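K.L.:
need a structure here:
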Amino acid sequence: MSELQLKEVREVVRKARASSAPGPSGTSYKVYKYCPKLLLRLWYILRVFWRRGRIPDQWRVAEGVWIPKEENSTQLDQFRIISLLCVEAKVFFSAVSKRLCTYLAENNYIDTSVQKGGISGMPGCLEHTGVVTQLIREARENKGNLSVLWLDLENAFGSIPHKLVQFTLTKHHVPSRCRDLIADYYSNFRMRVSSGEITSSWHNVEIGIITGCTISVTLFSLAMNMLTKSAEPECRGPRTNSGQRQPPIRAFMDDLTVMTESVPGCRWILKGLEELVEWARMRFKPAKSRSMVLRKGKVVDKFRFNIADTAIPSISEKPVKSLGKVFDCSLRDTTSIQSTCTELDGWLKSVDKSGLPGKFKAWVYQHGILPRILWPLLVYAVPISTVETLERRGECVEGSSVSGALCIKQSWPGMARTIYGDHQRFLDTYFKPYPGHYFTGDGAYRSADGFYQITGRMDDVINFSGHRLGTAEIEDALEALCCKSLKMDHVMEVVVRTVNFIRSRVPFAFLVLKEDVSQEQGVVVEELRRLVATKIAKYAIPDHFLTRSGKILRRILGKVALEQTGDLGDVSTLDDPSV
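P.N.:
Okay, the predicted model is just below:
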């Protein structure tokens, strides 16, 4: 491998978060982001370390911070340690890690269809979850057979041996310069942990990778890829509807998913993984693992899987949450979607009752609530109606050239207080659709200049000749003609509805022509009718020969078909003889 290039170091510093906590040296990324000469000096120093193949002692110390793995964590095994390292070491090993990933990818030493985590630029969490979900859905819909195991390694990051890392690098023919740097880095690495006002003494890290280190993730992924690929020959994976054979084992860091079409095949792979993990001096955690067996598209509980004589719970007993998605015995997302909506309601109510100014509430919505909603919307099959409900509960529409519901946040003297005799109807109509706002019932468009244009009633639907017809649709058709063909002003009064005793309701539009329009009124009306009939339907224009009682005169229709319009006979009974 050649020496580190300045562009590699610059790229690492550019992508690093400036808010990252500094390590024992007290230096943050901001120093090198905003001081180009210091960054150049750092590059000179990093090149010296690369040539010598030695890591300074100051880089082999870390301050550990306890991070809980789950809510209400009290036991030591419910926490993980995040290491605060020197920024200079993180920059150096980020560049080395990127080179290592490029080397592994170009030589096909790591199978990204199996190991989804830790490899930069490769599809990861979402693709892994999507493939597992698709295989389960296809087995359910096609009434097929499928066996699935979700396996969890106990303290995986803290229990992987350093010798396994070196063995993996040797097996994948990683250049000796890179192997020696990593071996020197892990030899005599020291750490101390703080909790509150208590700080432990320094101790050597003789097992496990350094969490927070920029190269440890790649090393762990490479080691797990070697273990999972070694167990693959035990059984083939399932086949999708498209005929593509999937690998039997998928891994995202330490989360393993085993999928086969038969129960014996799943047992063989589990046995092979147990032997490999035991050889690596690691172990699975049966209590956090789950199993599922589908027979003819239905979940059955008569098959059991064991790890070291301990039964793995099935998803019928305890649902499993894998990579942010919950799998249960219903094989559907309904419960999870309802739970997401309930959580969203609680978060929005908490923020609304916090008493914060509007701009701070918007910040909480954007950086606190929205990121928590995006992932469920990605991994669950959320119906469009639910998405619209979530959007209606969201924050106000910002920017220009946007449309939405016209709502009023602050009260004004002329606002009604209730509907006499039915206060609940008043609340349901005007305040329930958009909590915290008064809903006017109108849609509005905000132009680039910040002016509001009322686009019409959002609930304005006409019962026209037995059809439910929205006036906004007709207005859109008229607007298109106004802007393109006839060059008229916008529709002034929108499409309003008037009472007609035959059709129940009829649409009626008010338009104002510009002074320089040369077309005659009849031509304009016919063009408008043609456009509405084309874009919506024939029943949206008054073109039937109806009597006042609503009957169609077939005699007149026949003469029109024969082009005998000069002798239509008695038309006095027609509701509109001009038709």
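K.L.:
going forward, measure contacts between C-alpha atoms and count neighbours the same way
P.N.:
Noted.
K.L.:
got the CA coordinates for stretch 427-442 in PDB?
P.N.:
Extracted as PDB, the C-alpha positions of stretch 427-442 are listed here (Å, rounded to 0.1, in the frame of the first residue of the first chain):
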ATOM      1  CA  LEU A 427     -65.200  20.900  18.300                       C
ATOM      2  CA  ASP A 428     -65.200  18.000  15.800                       C
ATOM      3  CA  THR A 429     -65.700  20.200  12.800                       C
ATOM      4  CA  TYR A 430     -63.300  23.100  13.400                       C
ATOM      5  CA  PHE A 431     -60.700  21.900  16.000                       C
ATOM      6  CA  LYS A 432     -60.300  18.100  15.700                       C
ATOM      7  CA  PRO A 433     -59.000  17.900  12.100                       C
ATOM      8  CA  TYR A 434     -55.900  19.900  13.000                       C
ATOM      9  CA  PRO A 435     -55.300  19.900  16.800                       C
ATOM     10  CA  GLY A 436     -54.200  23.300  18.100                       C
ATOM     11  CA  HIS A 437     -55.600  25.100  15.000                       C
ATOM     12  CA  TYR A 438     -59.000  26.400  13.800                       C
ATOM     13  CA  PHE A 439     -59.800  24.700  10.500                       C
ATOM     14  CA  THR A 440     -61.600  27.100   8.200                       C
ATOM     15  CA  GLY A 441     -62.600  24.300   5.800                       C
ATOM     16  CA  ASP A 442     -60.900  26.000   2.900                       C
END
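K.L.:
tell me the mean pLDDT over it?
P.N.:
The average pLDDT for stretch 427-442 rounds to 81.
K.L.:
Same check on stretch 161-170?
P.N.:
The average pLDDT for stretch 161-170 rounds to 90.
K.L.:
List the buried residues in it.
P.N.:
Counting neighbours by 16 or more other CA atoms under 10 Å, one finds that the buried residues in stretch 161-170 are 161, 162, 164, 165, 166, 168, 169.
K.L.:
My guess is the last one contacts residue 180. True?
P.N.:
No - in this structure, residue 169 sits apart from residue 180 without contact. The criterion is CA atoms under 8 Å, and the distance is 10.3 Å.
K.L.:
Domains in this structure, by residue range?
P.N.:
Structurally, the chain divides into domains by automatic domain parsing as follows: 6-327, 333-394, 395-540, 544-579.
K.L.:
For stretch 311-321, list the C-alpha coordinates in PDB.
P.N.:
Extracted C-alpha coordinates of stretch 311-321, given in PDB (Å, rounded to 0.1, in the frame of the first residue of the first chain):
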ATOM      1  CA  ALA A 311     -34.800 -23.500  24.000                       C
ATOM      2  CA  ILE A 312     -35.100 -20.500  21.800                       C
ATOM      3  CA  PRO A 313     -38.400 -18.700  22.300                       C
ATOM      4  CA  SER A 314     -40.700 -18.500  19.300                       C
ATOM      5  CA  ILE A 315     -42.300 -15.200  18.000                       C
ATOM      6  CA  SER A 316     -45.600 -16.600  19.200                       C
ATOM      7  CA  GLU A 317     -44.300 -16.300  22.800                       C
ATOM      8  CA  LYS A 318     -42.300 -13.200  22.400                       C
ATOM      9  CA  PRO A 319     -42.200 -11.000  19.300                       C
ATOM     10  CA  VAL A 320     -38.700 -10.000  18.100                       C
ATOM     11  CA  LYS A 321     -37.500  -6.600  17.100                       C
END
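K.L.:
Residues contacting it, please?
P.N.:
Here stretch 311-321 makes contact (CA atoms under 8 Å, 6 or more residues apart in numbering) with 286-287, 289-292, 301, 304-306, 326-329.
K.L.:
Widest-spaced pair of the residues you listed?
P.N.:
Spatial extent of the contacts of stretch 311-321 (CA to CA) is set by the pair 306 and 326 at 22.1 Å.
K.L.:
out of these two, which sits in the busier spot?
P.N.:
Taking other CA atoms under 10 Å, residue 306 and residue 326 do not tie; residue 326 has more neighbours (18 against 14).
K.L.:
Contacts made by the helix or strand hosting the more buried one with the rest, please.
P.N.:
In this structure, residue 326 sits in strand 325-327 according to DSSP states H and E. Under the contact criterion CA under 8 Å, 6+ apart, strand 325-327 has outside partners 129, 315, 319, 320, 321, 336, 376, 379, 380.
K.L.:
cool, stretch 257-274 as well?
P.N.:
Among residues not part of stretch 257-274, those counted as contacts by CA under 8 Å, 6+ apart are 145-151, 227-228, 231-232, 234-238, 247-251, 283-284, 293, 303, 305, 307.
K.L.:
try 6 Å
P.N.:
Under the contact criterion CA atoms under 6 Å, 6 or more residues apart in numbering, stretch 257-274 has outside partners 145-150, 231, 234-235, 237-238, 248-250.
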